[in-house]
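Visitor: Take a look and give me a structure for this.
(4 chains)
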Number of protein chains: 2
Amino acid sequence: MANIRDVAKLSGHSVSTVSRALNHSGYVSAATRQEILVAVKQLDYHRNDIALALSTGKTHQIGVIIPFVNRPYFQKLTAAITAEAFEQGYQVTLLPTNYQPERERQYLAMLKHHLLDGLIFLSRSLPFSELVDFRDYGPIVCCEDTFDYPLASVFTNRGESFVHAFQLLKQCGFRHIGVTVSRDEHHSQSAKLTLQAYKMVYGPQLDPVLIYRHTCRMTDGIAAGAQRELQQQGHGALVIGQENIPVSFLMDYSTIDHRLTEMGTTAFKLLFQPEIMKQAISSELILRGRLKKIVAQQQAKSRS
Amino acid sequence: MANIRDVAKLSGHSVSTVSRALNHSGYVSAATRQEILVAVKQLDYHRNDIALALSTGKTHQIGVIIPFVNRPYFQKLTAAITAEAFEQGYQVTLLPTNYQPERERQYLAMLKHHLLDGLIFLSRSLPFSELVDFRDYGPIVCCEDTFDYPLASVFTNRGESFVHAFQLLKQCGFRHIGVTVSRDEHHSQSAKLTLQAYKMVYGPQLDPVLIYRHTCRMTDGIAAGAQRELQQQGHGALVIGQENIPVSFLMDYSTIDHRLTEMGTTAFKLLFQPEIMKQAISSELILRGRLKKIVAQQQAKSRS
DNA sequence: ACTTGACATGCAACGCGTTCCATCTCTAAA
DNA sequence: TTTAGAGATGGAACGCGTTGCATGTCAAGT
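Guide: Just a heads-up that it's a prediction; the model follows:
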C-alpha cells in the first residue's frame, strides 16, 4: 500500500505539497498538481483514513446506541439516521446494548477516545446525569425528552398523542379500554405516558386486569397480535397500534404515527447544531377500519 | 485528554513499560504495574483507539454492505451479524448502497484504506469479478452463492427450497401458480431461482400474466399483501411467503424459513476463516393454515 | 566462579496524513 | 528601484500507541 511519502518521492515533490494538492488547500501550481496526480494514479494511492483521523481528531463516524436491533421502532429511527448521515459524509456504527448499562458506558468511552464524532441515544438505561458527564468529549443527542438536563433532545410528544387517542375513543363511546406495556411504568417511559394519558381522559381508576404485558422479545406488531386475537374471538373491541408499521395497513387497524423518519433525521442534524437543545416532532393519529367509520359518522352527526 | 506519555511521565516509567503494563504483554513487575495504574486512574487515561488502529493496522470494524436498511431480509441478516460481531469484539458499520455501484466501490475502498477489517456483502450490484480485485486488501464474504469465483460465500440453497415448495403444491393438486419477483430474472438471483424451480416442477411454460412484480420499495410482507388481497376477494388460492416473518404467523400463511440468523452468524465467522470458502445453510418450509391441513390429509391418506 | 536465561525496563522507530513556519521567487504597486 | 505581498514549496513537528532491540539485574544451574 503506497502512502503519501511514496507519492512525494515518485512525483519529486514534498509530502506537504502532495497533501495540499490532494486536498485543494493552500497553494499548488497546476503543473505540480498534475505531476502529483500522475504519481497517485501510478501507485494507486489512496489516503489512509485512520492516519487522517489520528491527525485531525475527526473520524466521521457516529454511533447509534440502540437496545435491540430487531425492533421496528429502532429500525425506523436507525434507517433515517443512517440516510441522513450518509448524506453528510458520515458513517453510522450501530451500538446494541440490550439495555445493559455497562455497554452504554463502553460506548460512551468510545466518544472519549475520539473513536466517534458523536453519539445518538435511541433509548438508554443510564440516568441522564451520567450522560451529562460525557458532553465534553463530543456531541450527544437523545431521542427522548431530556427535560431540564443539558442534553440535546429530539422527541415526539407521545403523551399528547396518547391523550388525543384516548379522547377520541371516549368520544366514540368506548368505555372499556385495555393498554399494553412492555416494562412497568417506573422503567418504561412509554408505559408511564400511556397510563398517565388514560387516567387524564378516563379518570384515575384503570382496571389492572386490562393492563397487558408484552415482552421485549416480541419483534413486531404487538397491536397486530391483539387485533388477530380479537378478530378470531369475534370480540367487538378495536385496536390502536403505533408507528404505522406496514402490518397495520394490511390488517386495517388504526395507528399513531410518531414520524420516526423525521425524528431520526433531526437527531443527526442536532449533533452538529449545539445551539439547538430541544426539538419536538408532532405525531399523527391515522384512522383506519371500524374506528375510521365511527369517527366519520360522528362528524356527519355533529355537522347536521 | 491524557495520553500514554503523560501516564509515563507521572508514573516515572517509560512509555513502553506503560504500554506493556496496560496490555498485559511482556514483563512488568507487580510494583511497577501498580504505580502505573495509579497514574492511569489519576489522569483518567483511556487509550486512543485511533492511534491503536494506525499502529496495529486493525480497526476492529467490519462493514456490512446492504442495499436497503429497511427490508426485513436485510435487517434479519444485519441483526445476526451485529450480534456475532459484538461477541467477538468487533463493531459493525452499516453501508447502505441503494444498489448504486459507485457506493459499493466507495465502501470497497474503505477496506483498501484499512478503515475496515472486513466486508460482508448482503447483496450487490457490482460483478463478482470486480470484488475479487479487493480480496488482497481484506476478507470479503458474500451472502449468496459465488459459484466458481474465489470469494467466500454463505448461502441457503434457495433453489432447492423453491423446488421443494413447488413440488408440494403440485402434490396437493394446485395447478395455477403465481409468483412474485422484484427485478427481472436477469438481474435478480431470487427471481431466476424462483422461475427455474417453477419450470422444473411444472414444466417450461408459465403464464406471464401470473408473474407479479413487486417493488423494492415495499418494506414488508409481499406475501402478506397477497394473502390479504386473496382473502378479501374470497379467492381460493393460498400463499407461501418467505423468511418466516412475524406477520406470516399472524396472518397464518406458510413460509420458507431461510435461516437468516444462522446465515448472518456464519457470514461473520467466515471473515476470519479464510480456509473455508463456501458454506451452505439449509432452509425449512414451515406449513401453516390451509396448506398444513391439506398436507396432513395427504399424509393420512397415503398411510391408510 | 562462570554461564545462561528469565525478568525488567527504556529508547527510538514506525504507521501516515496534516499543518505551522520558514524560505524563495516573481510581479505589481509606490 | 525598492518593496510588499501573492504564489509556491519544503522541513519538521504533531497526534499516540506499539514493538523490536539493546541494556541491565539477578538467581539458578554447572
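
Visitor: The helix or strand of chain A with the lowest mean pLDDT - contacts with which helices or strands?
Guide: The weakest-scoring helix or strand in chain A, judged by mean pLDDT, DSSP states H and E, is strand A:211-213 (a mean of 75). Judged by 3 or more C-beta pairs under 8 Å, 6 or more residues apart in numbering or on different chains; DSSP states H and E, strand A:211-213 is in contact with strand A:179-181. Where C-beta positions appear, they are placed from N, C-alpha and C, glycine not excepted.

Visitor: thinking again about what came up before, what residues sit buried inside the least confident helix or strand of chain A?
Guide: By 16 or more other C-beta atoms under 10 Å in any protein chain shown, the buried positions in strand A:211-213 come out as A:Ile211.

Visitor: Stretch A:95-105 now?
Guide: Of the residues in stretch A:95-105, A:95-97, A:99, A:103-104 count as buried by neighbour count, 16+ other C-beta under 10 Å.

Visitor: got JSON lines for the residues you listed, with pLDDT and distance to chain B too?
Guide: JSON lines is the format used below for the buried residues of stretch A:95-105 (pLDDT from 0 to 100; distance: C-beta to the nearest C-beta, whole Å):
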{"residue": "A:Leu95", "pLDDT": "85", "distance to chain B": "8"}
{"residue": "A:Pro96", "pLDDT": "82", "distance to chain B": "6"}
{"residue": "A:Thr97", "pLDDT": "86", "distance to chain B": "10"}
{"residue": "A:Tyr99", "pLDDT": "90", "distance to chain B": "14"}
{"residue": "A:Arg103", "pLDDT": "87", "distance to chain B": "9"}
{"residue": "A:Glu104", "pLDDT": "94", "distance to chain B": "13"}
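
Visitor: Grab the two from the residues you listed that are most spread out in space.
Guide: By the measure C-beta to C-beta, A:Leu95 and A:Tyr99 form the most distant pair in the buried residues of stretch A:95-105, at 12.4 Å.

Visitor: coming back round to it: mind listing residues that contact the least confident helix or strand of chain A?
Guide: For strand A:211-213, contacts defined as C-beta atoms under 8 Å, 6 or more residues apart in numbering or on different chains pick out A:178-182, A:195, A:226.

Visitor: Just flag the most distant two among these.
Guide: Farthest pair in the contacts of strand A:211-213 (C-beta to C-beta) is A:Leu195 and A:Ala226. Separation: 17.2 Å.

Visitor: Could you tell me the phi and psi values at the closest residue to DNA strand D within the stretch 101-250 of chain A?
Guide: For the stretch 101-250 of chain A and DNA strand D, the shortest gap (C-beta to the nearest atom of the strand) falls at A:His114, measuring 7.3 Å. A:His114 adopts backbone torsions of phi 60, psi 20, taken as degrees, to the nearest 10.

Visitor: from memory it sits against A:His60, does it?
Guide: No. Counting by C-beta atoms under 8 Å, A:His114 sits too far from A:His60 to count as a contact (11.6 Å).

Visitor: got the contact list for stretch A:177-184?
Guide: Residues outside stretch A:177-184 that contact it (C-beta under 8 Å, 6+ apart): A:166, A:169, A:188, A:190-191, A:194-195, A:198, A:202, A:206, A:210-216, A:222-223, A:226, A:237.

Visitor: do stretch A:17-33 as well
Guide: The contact list for stretch A:17-33 (C-beta under 8 Å, 6+ apart) reads A:4, A:7-8, A:11, A:13, A:36-37, A:40, A:47.

Visitor: got the end-to-end distance for that stretch?
Guide: End-to-end span of stretch A:17-33 (C-alpha to C-alpha, to the nearest Å): 9 Å.

Visitor: and it, anywhere near DNA strand C?
Guide: Yes. For stretch A:17-33, a contact with DNA strand C is found by C-beta under 7 Å from any atom of the strand, at A:19-20, A:22-23, A:25.

Visitor: List the buried residues in that stretch.
Guide: Judged by neighbour count using 16+ other C-beta under 10 Å, the buried positions of stretch A:17-33 are A:17-22, A:28, A:32-33.

Visitor: okay, those residues in a markdown table with distance to B:Val154 next?
Guide: Output for the buried residues of stretch A:17-33, formatted as a markdown table (distance: C-beta to C-beta, whole Å):
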| residue | distance to B:Val154 |
| --- | --- |
| A:Thr17 | 47 |
| A:Val18 | 41 |
| A:Ser19 | 41 |
| A:Arg20 | 45 |
| A:Ala21 | 43 |
| A:Leu22 | 38 |
| A:Val28 | 47 |
| A:Thr32 | 48 |
| A:Arg33 | 45 |
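
Visitor: Can you tell me which of those is nearest chain B?
Guide: Closest approach between the buried residues of stretch A:17-33 and chain B, by C-beta to the nearest C-beta: A:Leu22, at 13.5 Å.

Visitor: pLDDT wise, what is the closest one at?
Guide: As predicted, A:Leu22 sits at a pLDDT of 96.
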